[in-house]
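Asker: could you work out the structure for the sequence below:
(2 chains)
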Number of protein chains: 2
Amino acid sequence: MSKSKKRYSVIVAGGSGTRMKTVIAKQFLPLLDKPILSHTVEKFLSLPNNEVIAVLPEKDMIFWEEIITSNHTLSVAVESGKLKTVAGGETRYQSVSNGLAAISSEEGLVAIHDGVRPLVSIKKIEEAFSQAEIKGSAVLSVPLKDSARRIDGDKNEHIDRSKIVLIQTPQTFDLRLIKKAFSLGEQPFFTDDASVFEYAGHEVNLIEGDYENIKITTPEDLSVAEVLINYANNSSL
Amino acid sequence: MSKSKKRYSVIVAGGSGTRMKTVIAKQFLPLLDKPILSHTVEKFLSLPNNEVIAVLPEKDMIFWEEIITSNHTLSVAVESGKLKTVAGGETRYQSVSNGLAAISSEEGLVAIHDGVRPLVSIKKIEEAFSQAEIKGSAVLSVPLKDSARRIDGDKNEHIDRSKIVLIQTPQTFDLRLIKKAFSLGEQPFFTDDASVFEYAGHEVNLIEGDYENIKITTPEDLSVAEVLINYANNSSL
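Answerer: Residues are numbered from 1 along each chain as shown, chains lettered A, B, ... in the order given. As a prediction, this is how the structure comes out:
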């Protein structure tokens, strides 16, 4: 059996907190005992063979350093070289590019993940890495629960919801392929890393995600996330 | 100013509870102090000028009668003729048809709503009725928060998420038009009432919904719903 490829994770935390109606950026809002971003980063650090690159706005760097200093797990990870932090760019695309640039190797796998999705399960991260190693990519997706309609100007029409999936993160890729894809330049229709990968001519491999892996963007989401964490803790007793 | 049209609401509660992994049908599961369905029906009863028709599986009728008996608001509504219950059919389409058939009038407006969406706001129900009175229909929809992809056999491709909306309930219609639409017979691609209305040749008028108006289909949803109710109660203090 061949040795697994080296694994990296780029955690993108670029939000400004506008939708949260808070001054503090949403990734730093407290979720139970610590900031959202700490939950997310710790989850990725808990995997063996995984180097984590956090990408944050330049202005938030000092605050993030303080969070690391007061968190034992994060501090140890920084000291041992398992956790690095780099400054983001103007757009999500540029932030991911900066994160990828911080990985000196060309060989390996990289999971790109939203900093405000702390509820992703370790099992799904592992599965994404394994599948990406075999197929070149592995992107978490979930079916639509609701009916959907397509908007076309003033009109709209029914669409077959079984043909649409919602995309989450992590989006995990062969490192060489995704670095190459990001070298082609930003396009206005990029909404995630899978669309960058696809634009470079690669097929995107979808794997099943979890509905619980929510993106925290509103105050309600934060309350929901707390419940889901408590729910998960109780279920595993 | 002309008098508003008579308003009806058909609350469809046909679920079997399979996804909930419970024996009790999901619409009867307790949400804080009472069954989910009681929350939903009470919300519609709180509007003036609104007659509510609950549609339930035949097998659940006795249990529902017991719930009504022990609930003052529901009991009073039954006595005053504001709340009726009819038996559903094999499919959602047939259940809605049965609900519509229980409305003897042809003139008016009808809001069709999922029994397991108790978090809909009274404001949105009112808005849906008002808009349907002007435009013939009013269907709640919310934009996609996540990226989306279209599945095509083994392949999949990026789609512009700004062109897709998720559909909720209530879906509110001119009574005559929707009765006529349901008289045309069931089609396999019907996933909601808007698709029935559209198939009859009418344009669907979308109005903005709320993300909080969730459909409770899993145990996690139930926990989330509790949080959202508490959140809404605290916000309005």
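
Asker: if you count contacts, what does the lengthiest helix in chain A end up packed against?
Answerer: Criterion DSSP state H: the longest helix present in chain A is helix A:219-235. Judged by 3 or more Cβ pairs under 8 Å, 6 or more residues apart in numbering or on different chains; DSSP states H and E, helix A:219-235 is in contact with strand A:30-31, helix B:219-235. For glycine as for every other residue, the C-beta is placed from the backbone atoms N, C-alpha and C.

Asker: and it, which residues are buried?
Answerer: If you call a residue buried by 16 or more other Cβ atoms under 10 Å in any protein chain shown, then helix A:219-235 has these buried ones: A:219, A:220, A:221, A:222, A:223, A:224, A:225, A:227, A:228, A:229, A:231.

Asker: now that helix - C-alpha only, CSV.
Answerer: Output in CSV follows, covering the C-alpha atoms of helix A:219-235 (Å, rounded to 0.1, in the frame of the first residue of the first chain):
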residue,chain,number,x,y,z
PRO,A,219,-27.1,35.7,14.4
GLU,A,220,-29.7,33.0,14.0
ASP,A,221,-27.1,30.7,12.5
LEU,A,222,-25.0,31.2,15.6
SER,A,223,-27.8,30.0,17.8
VAL,A,224,-28.5,27.1,15.5
ALA,A,225,-24.8,26.1,15.5
GLU,A,226,-24.8,26.0,19.3
VAL,A,227,-27.8,23.7,19.3
LEU,A,228,-26.2,21.4,16.7
ILE,A,229,-23.0,21.2,18.7
ASN,A,230,-24.9,20.3,21.8
TYR,A,231,-27.0,17.8,19.8
ALA,A,232,-23.9,16.1,18.4
ASN,A,233,-22.3,15.9,21.8
ASN,A,234,-25.4,14.3,23.3
SER,A,235,-25.8,11.9,20.4
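
Asker: run through who's touching that helix.
Answerer: A:20-21, A:29, A:31-32, A:36, A:118-119, A:212, A:214-216, B:211-212, B:219-220, B:223-224, B:226-228, B:230-231 (Cβ atoms under 8 Å, 6 or more residues apart in numbering or on different chains).

Asker: would you point out which residue is most central in chain A?
Answerer: The C-alpha lying nearest the average C-alpha coordinate of chain A belongs to residue A:113 (Cα atoms, centre = their mean; 1.2 Å).

Asker: of the buried residues of helix A:219-235, which pair is most distant in space?
Answerer: A:219 and A:231 (19.1 Å; Cβ to Cβ).

Asker: give me the angle between the longest helix of chain A and helix B:219-235.
Answerer: Orientation of helix A:219-235 against helix B:219-235 (axes from the mean of the first three to the mean of the last three Cα atoms, to 10 degrees) gives an angle of 140 degrees.

Asker: tell me where chain A has strands.
Answerer: In chain A, the strands defined using DSSP state E lie at A:7-12, A:30-31, A:34-35, A:51-56, A:83-87, A:109-114, A:137-143, A:147-152, A:155-159, A:164-174, A:206-208.

Asker: can you give the strand pairings for the second one, parallel or anti for each?
Answerer: The strands that strand A:30-31 pairs with in its sheet are strand A:34-35 (antiparallel) (by DSSP bridges).

Asker: pLDDT of the partner strand, averaged?
Answerer: Across strand A:34-35, pLDDT averages out at 96.

Asker: do stretch A:192-204 as well
Answerer: Mean per-residue pLDDT for stretch A:192-204: 97.

Asker: ok, now stretch A:46-64?
Answerer: Rounded mean pLDDT across stretch A:46-64 is 95.

Asker: ends of it, what's the gap?
Answerer: Across its full length, stretch A:46-64 reaches 19 Å between end residues, using Cα to Cα, to the nearest Å.

Asker: what sits up against it?
Answerer: By Cβ under 8 Å, 6+ apart, the list of residues contacting stretch A:46-64 reads A:4, A:6-14, A:16, A:25, A:27-28, A:37, A:41, A:44-45, A:77, A:81-88, A:95-96, A:98-99, A:102-103, A:115, A:122, A:125-126, A:129.

Asker: tell me which residues of it are tucked away?
Answerer: So for stretch A:46-64, counting by 16+ other Cβ under 10 Å, buried means A:50, A:51, A:52, A:53, A:54, A:55, A:56, A:57, A:60, A:64.

Asker: measure the second one to chain B for me?
Answerer: To tie it back to what came earlier, the one meant is residue A:51. Counting by Cβ to the nearest Cβ, to the nearest Å, the separation of residue A:51 from chain B is 26 Å.

Asker: and if you look at the last one?
Answerer: Residue A:64 sits 25 Å away from chain B when distances are taken as Cβ to the nearest Cβ.

Asker: separation between the closest residue to residue A:115 other than its chain neighbours and chain B?
Answerer: Among residues not flanking residue A:115 along the chain, residue A:13 sits closest, at 3.0 Å (Cβ to Cβ, 6 or more residues apart in numbering or on different chains). Noted for residue A:13: a distance of 17 Å to chain B, by Cβ to the nearest Cβ.

Asker: one more: residue A:198?
Answerer: Look at residue A:198 and chain B: by Cβ to the nearest Cβ, they are 6 Å apart.

Asker: please apply the same query to residue A:9.
Answerer: When Cβ to the nearest Cβ is the yardstick, residue A:9 and chain B sit 19 Å from each other.

Asker: return the distance of the longest helix of chain A from the chain's centre.
Answerer: 19 Å (Cα atoms, centre = their mean, to the nearest Å).

Asker: mind listing what the residue nearest to residue A:115 touches?
Answerer: For residue A:13, the contacting residues are A:25, A:27, A:37, A:40, A:54, A:55, A:56, A:60, A:88, A:114, A:115, A:116, by Cβ under 8 Å, 6+ apart.

Asker: quick one: which of those is nearest to chain B?
Answerer: Distances from chain B to those, taken as Cβ to the nearest Cβ, are shortest for residue A:114 (9.9 Å).
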